[in-house]
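**Student:** Coordinates only, no sequence provided:
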């Protein structure tokens with residue numbers, strides 16, 4: 001019983017959201033492996049800015065940021081030979097949509113972006 005109470009207390013102290021998703025090539029819809037996904041915090045009015053998070057996606061094009069501190073973020077994707085991509089972007093080189101993360105939020109981001117013309 002005591003062990004269960006301790007685990008519950010520790011779980012209550014961990015306050016972070018989760019952002020996961022997939023990176024796809026726009027024309028084919030195929031996963032775009034080895035892309036770099038970056039999660040940048042937007043500075044709040046208090047002037048504090050968190051630390052950016054980044055990772056490379058695997059062969060399946062998927063990524064997970066399992067413990068994201070509450071705040072507002074921009075999710076961007078980069079890959080050589082492609083225009084920069086972002087969550088919420090409607091056209092190549094468009095603006096990303098801000099993502100609000102709360103302690104219990106979970107978001108699945110589907111990001112696709114287009115190859116630069118050669």
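**Tutor:** That came through fine. What you see is a predicted model; the values in this text were computed from it and never measured.

**Student:** For the residue nearest to residue 71 when sequence neighbours are not counted, which residues are in contact?
**Tutor:** Spatially, and ignoring its direct neighbours in sequence, residue 71 is nearest to residue 41 (5.3 Å; Cβ to Cβ, 6 or more residues apart in numbering). In this view, the C-beta of every residue, glycine as well, is placed from N, C-alpha and C. Residue 41 is in contact with 49-52, 69, 71-73, counting by Cβ atoms under 8 Å, 6 or more residues apart in numbering.

**Student:** Just the helices from this protein, written as ranges.
**Tutor:** Using DSSP state H, the helices of the chain run over 2-13.

**Student:** okay, and for it, where does confidence drop off?
**Tutor:** 1-14, 45-49, 118 (pLDDT under 70).

**Student:** repeat that for 50
**Tutor:** 2-12 (pLDDT under 50).

**Student:** residue ranges of the strands in it, please?
**Tutor:** With strands called from DSSP state E, the chain shows them at 17-25, 36-41, 53-56, 62-68, 71-78, 85-86, 99-101, 106-113.

**Student:** With respect to residue 92, which of those lies nearest?
**Tutor:** Evaluated over those, closeness to residue 92 peaks at strand 106-113, with 6.9 Å, by Cβ to Cβ.

**Student:** Farthest pair within the contacts of residue 41?
**Tutor:** Longest distance between any two of these is 14.2 Å, between 51 and 72; criterion Cβ to Cβ.

**Student:** Same drill for those two, tell me which one is more crowded.
**Tutor:** Taking neighbours as other Cβ atoms under 10 Å, residue 51 and residue 72 compare with residue 72 leading, 14 against 8.

**Student:** Enumerate the beta-bridge partners assigned to the more buried one.
**Tutor:** residue 100 (DSSP bridges).

**Student:** That'll do, ta.
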